[in-house]
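Undergrad: how would this look folded up:
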Amino acid sequence: MSLLTPIHRFAVEAMAEASRLQDTAVIDQFVKARGLKECPPEDDRFMWAYQLAVPGERLVLQYRYYDTSQAFSLGPDKNINLLKLIVDGQVVAHETTDFLDKSIY
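TA: Numbering: from 1, shown residues only. Next up, the predicted model:
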């Protein structure tokens, strides 16, 4: 078990809660509460990333969104979170969630 495994579990729970509530604020609260620091995204499609690092391990949480609106039809944003637990340069856990924002229409 890695040192970051417990925090990884909390991150997975936060991602599931954000999806259930359709609210990105849950992820923002997790990032602040656990002390993740902003870093460049590792994957091209992602806009933001945060990480927590200890020697030999990193927990990386990446985020992106896009507008689902069509020409004559407004739609909510689609949010996508990607979480990776990396130990000794190898991804040992990989989680993804996606959800639509709560509709305001």
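Undergrad: make it CA atoms for all contacts and neighbour counts henceforth
TA: Fine.
Undergrad: show me what the spatially most central residue of the chain is bridged to.
TA: Nearest to the centroid of the C-alpha atoms of the chain, with distances taken as Cα atoms, centre = their mean, sits residue 81, at 3.4 Å. Beta-bridge pairing for residue 81 (DSSP bridges): residue 63, residue 97.
Undergrad: same thing with residue 87?
TA: Here residue 87 sits in beta bridges with residue 57, residue 90, going by DSSP bridges.
Undergrad: please shift the residue numbers so they start at 40 in all later answers.
TA: Taking 40 as the first residue, the last one we looked at is residue 126.
Undergrad: still on that earlier bit, now do the contacts for the residue nearest to the centre of the chain.
TA: Residue 120 is in contact with 54, 100, 101, 102, 103, 135, 136, 137, counting by Cα atoms under 8 Å, 6 or more residues apart in numbering.
Undergrad: the same query, at a cut-off of 10 Å, please.
TA: 54, 57-58, 63, 66, 85, 87-88, 100-104, 134-138 (Cα atoms under 10 Å, 6 or more residues apart in numbering).
Undergrad: so what secondary structure elements neighbour the biggest helix by length in the chain?
TA: Taking residue count as the measure and DSSP state H as the definition, the longest helix of the chain comes out as helix 44-60. Contacts defined by 3 or more Cα pairs under 10 Å, 6 or more residues apart in numbering; DSSP states H and E place helix 44-60 against helix 64-73, strand 96-106, strand 116-126, strand 129-139.
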